[in-house]
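Engineer: The following block contains a protein sequence and its predicted model.
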Amino acid sequence: MKNITKLGAVSALSLVIGASAAFAENIKIAFIDPLSGPFASTGTNGLHQFEFAADYMINEKGGVLDGDMFEVVGFDNKTSPKESLIQLQVAIDQGVRFIVQGNSSGVANALTEAIEKHNNRNPDSRVLFLNYAAVDPALTNEKCNFWHFRFDANADIKMHALTDVIAKEEGIKKVYLIGQDYSFGKAVAAAAESMLGAKRPDIEIVGNELHPIGKVKDFTPYARKVISSEADAVITGNWGADMLGLGKSIIENGFTGPIYTYYAAGSGITAAFGESGKGRIRLISQGGINPIASEEARTLYNAFKEKYPDGNIDQSRIFNTIGMLAQAINEAGTADDVVAVASKLEGMKYPSMWGGELYMRPQDHQLIQDMNISVHTDENIEFDYDNSGFGVLTESTVVNASMDSATTCEMKRP
Amino acid sequence: MDLVLVNLIDGLVTGLLLFMLSAGLTLIFSMMGVLNFAHASFYMLGAYFAYQISIALGFWMGLLIAPLIVGVLGAGVERYGLRRVHQYGHVPELIFTFGLALLIEELVQFIWGKNQMPYSVPDVLNFTAFAISGNSIPAYKIFMIFISVGIFLGLLYVLTKTRVGMIIQAALSYPRTVEALGHNVPLIFMGVFGVGTALAGVAGVIAGPVLGTFPGMAFVLGSIVFVTIVIGGLGSLWGALVASLLIGWITTFAKSYNIEMENILNAIGISTPEDLSESVFRDFWSLTSPQIADILPYILMVLILIFRPAGLFGKRIS
């Protein structure tokens, strides 16, 4: 039904497109991510952060170029690559030039491929793919292309930082790897295995397991395996409901070691872990929330809280994405010629309000930034998540993580 | 060996939870011939109501009140929705319940948002009951077992030993005769629908804290409930129980042990091809049991439909 409505809207739009071309238009940013289904909360929170970033950072300060405004439009892809391609087409037909997506590398892989084809065939309606959270390393390696930019650190970069920390923990002798059964989950497991092997050969990988994504009702059987393997630590790349289900289950069923995660914060996860996850759950991510990295970020966070009292800024890279896009558009002097915008994004250095200087590596379009390891706790938390009193506290920072890491990307520029 | 015992307990908990959902559904189906697609949505409502009540009055009041509200809602749906649609046949009824499921999900998102709710186990039950070689069994799981077994025994007693139960059973098979004897069959239908949805509500109340209270919770359980009642035999309470436990144990054991397809095939005398990477069956050979655990119930359902279409305990042959 939704699609029919959209189809109608699109055809109606195409009728008036000639008439409206003469007026100054909003710069539309299509947000293609799950807004329904098991990962709806992750997607919706991301959309809110994008909308807020566009309004607060850009529109309220007069927009970009000659007062053009950013407009973020949400498209529900139900976490399905197939649905995402349909939504991509709808977005392109609506005149969108910038696509943002992040949840699921499976979707990102499909999108980047489709966008590359589209851009080659339709030089007049090219689009850019600003990936804010899909971290499969392939996207900036063998599958890289000129149109894709990644604002999050990829799984390998994160794992590098994470394994540096684990390597220092003498007590950890056995590690259990568990993740969702798709490209990202596999990438995390492979990276953990090879990097732990290099940094701490004495650590034994006692389990390496993948489970279906978004379909597991009860994680108890997996938790039992983790416990009976006598692991000292667990590493998981799980996100959304899968992260919470897994984390709760292994804690409830008697696991006492630390759980190293990529995404165990916000979207209700922090509140649901509460006391049970205190000091146990560690998180690798960019952006310092506690302590907050800058006064600018504090003001922004407070303004965000005013607008979304129940919301969290759990993906501060979204603000970097919007900020860098605006700067690129201003420098290029156009929002329609995406090749010019992309060329400005390449190699851009951008001081982030969330800490550190960001650098968009031109050879693979991977953003280089500081990585933080934080812990789930209720002590010294200025900005908690889910209004729970609990939040993430930065424990250590890796500056410009993996700045010189190798890439197999052979960038073809138009 | 210890893990076997732990898995038996885990499977029992999963199975009994499934039973509470499927018991109501199977009664409703045998009574009205309607597959109630919204059944799992009532389960979700149970969890959300209980969460809301637990904030104000504590977990135990939630356990008491939430299923009642869900049951009344269910009865209302039967009285003012399904009964009106009933005269147009089964397909409109199906569509009605399907639409209802979507409506409830949207409503829940509208009221509570899409985030996971911090609905958690009450403090009195938040401890480890006992541990088997390092695997703790939370007290809450023992509590879940007692609640479900209690409900099963209660239902069994009411349905087989009391006058009300006899009339219900009679109304299930011969509604017109029972009506002719002076019983109010529509009222019975409404009652059974209400009790069935209330059972789903109870399941939601006690499952919410462990499986998570979020708008997708109905979706992840929705289809497996239908599988359960088909395997057990439509309309059979014993069938629902046996099928639920079977599914609980099968999936738990399949996930707990990494049984590889290669080993199974080798055991039955098929040798591994020389070069697996070239073989068209490569994916098949490299399957492990946790990967296919969640589809095992569906395979079981297909087998049951082929060899025993009425289900394990089903009496209906048509």
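Structural biologist: Received it, and whenever you're ready, just let me know what you need.
Engineer: Close to chain A: what parts of the stretch 51-200 of chain B are there?
Structural biologist: Residues of the stretch 51-200 of chain B lying close to chain A (CB under 8 Å from any CB of the partner chain) are B:109, B:113-118, B:120, B:128, B:131, B:133-138. Where C-beta positions appear, they are placed from N, C-alpha and C, glycine not excepted.
Engineer: again, but for the stretch 201-318 of chain B
Structural biologist: Counting by CB under 8 Å from any CB, the stretch 201-318 of chain B sits next to chain A at B:210-212, B:214-216, B:219-221, B:224, B:251-253, B:255-256, B:290-291, B:293-294.
Engineer: what residue lies at the spatial centre of chain A?
Structural biologist: Within chain A, one residue has its C-alpha closest to the average C-alpha position: by CA atoms, centre = their mean, that is A:Ala133, at 1.8 Å.
Engineer: Find the nearest non-adjacent residue to that residue, please.
Structural biologist: Distance criterion CB to CB, 6 or more residues apart in numbering or on different chains; nearest residue to A:Ala133, sequence neighbours excluded, is A:Gly102 at 2.8 Å.
Engineer: check contacts around that neighbour.
Structural biologist: Listed by CB atoms under 8 Å, 6 or more residues apart in numbering or on different chains, the contact set of A:Gly102 reads A:Asp33, A:Gly46, A:Ala108, A:Asn131, A:Tyr132, A:Ala133, A:Ala134, A:Asp152, A:Gln315.
Engineer: Swap in 6 Å and give it another go.
Structural biologist: For A:Gly102, the residues meeting the contact criterion (CB atoms under 6 Å, 6 or more residues apart in numbering or on different chains) are A:Tyr132, A:Ala133, A:Ala134.
Engineer: on that earlier part again, what about the residues of the stretch 51-200 of chain B next to chain A, which are in helices?
Structural biologist: Among these, the ones falling in helices (DSSP state H) are B:Gln109.
Engineer: which parts of the stretch 301-414 of chain A sit against chain B?
Structural biologist: Residues of the stretch 301-414 of chain A found near chain B (CB under 6 Å from any CB of the partner chain): none.
Engineer: any chance you could map the helices in the stretch 301-414 of chain A?
Structural biologist: A:317-332, A:338-345 (DSSP state H, counting those that start in this stretch).
Engineer: will you turn those into a markdown table that also has mean pLDDT and mean neighbour count?
Structural biologist: Below are the helices of the stretch 301-414 of chain A laid out as a markdown table (pLDDT from 0 to 100; neighbours: other CB atoms under 10 Å in any protein chain shown):
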| stretch | mean pLDDT | mean neighbour count |
| --- | --- | --- |
| helix A:317-332 | 94 | 23 |
| helix A:338-345 | 93 | 20 |
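Engineer: could you dump these to TSV with distance to A:Met243?
Structural biologist: Putting those into TSV (distance: least, CB to CB, whole Å) gives the following:
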stretch	distance to A:Met243
helix A:317-332	18
helix A:338-345	30
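Engineer: Could you look up the SS state of A:Trp239?
Structural biologist: Assigned by DSSP: H, G, I helix; E, B strand; the rest coil, the conformation of A:Trp239 is coil.
Engineer: Looking at it now. What's its pLDDT?
Structural biologist: A:Trp239 is assigned 85 on the pLDDT scale.
Engineer: Let's see which of the residues of the stretch 201-318 of chain B next to chain A end up in helices.
Structural biologist: Among those, DSSP H puts B:210-211, B:219-221, B:224, B:251-253, B:255-256, B:290-291 in helices.
Engineer: Flag every residue of the stretch 151-300 of chain A that's near chain B.
Structural biologist: For the stretch 151-300 of chain A, the residues found near chain B under the criterion CB under 6 Å from any CB are A:215, A:217-218, A:220-221, A:224, A:227-228, A:241, A:244-245, A:252-254, A:267-268, A:271-272.
Engineer: Just confirm B:Ile167 is within a helix.
Structural biologist: Yes: with three-state DSSP as the criterion, B:Ile167 is part of a helix.
Engineer: How much space separates it from B:Thr160?
Structural biologist: The span separating B:Ile167 from B:Thr160 equals 12 Å under the rule CB to CB, to the nearest Å.
Engineer: who's more crowded, the two?
Structural biologist: In this comparison of B:Ile167 against B:Thr160, neighbours counted by other CB atoms under 10 Å in any protein chain shown, the higher total goes to B:Ile167 at 16 against 11.
Engineer: What helix or strand is the closest residue to chain B within the stretch 101-250 of chain A located in?
Structural biologist: Taking CB to the nearest CB, chain B has its nearest neighbour within the stretch 101-250 of chain A at A:Pro221, 3.7 Å off. In this assignment (DSSP states H and E), A:Pro221 forms part of helix A:220-228.
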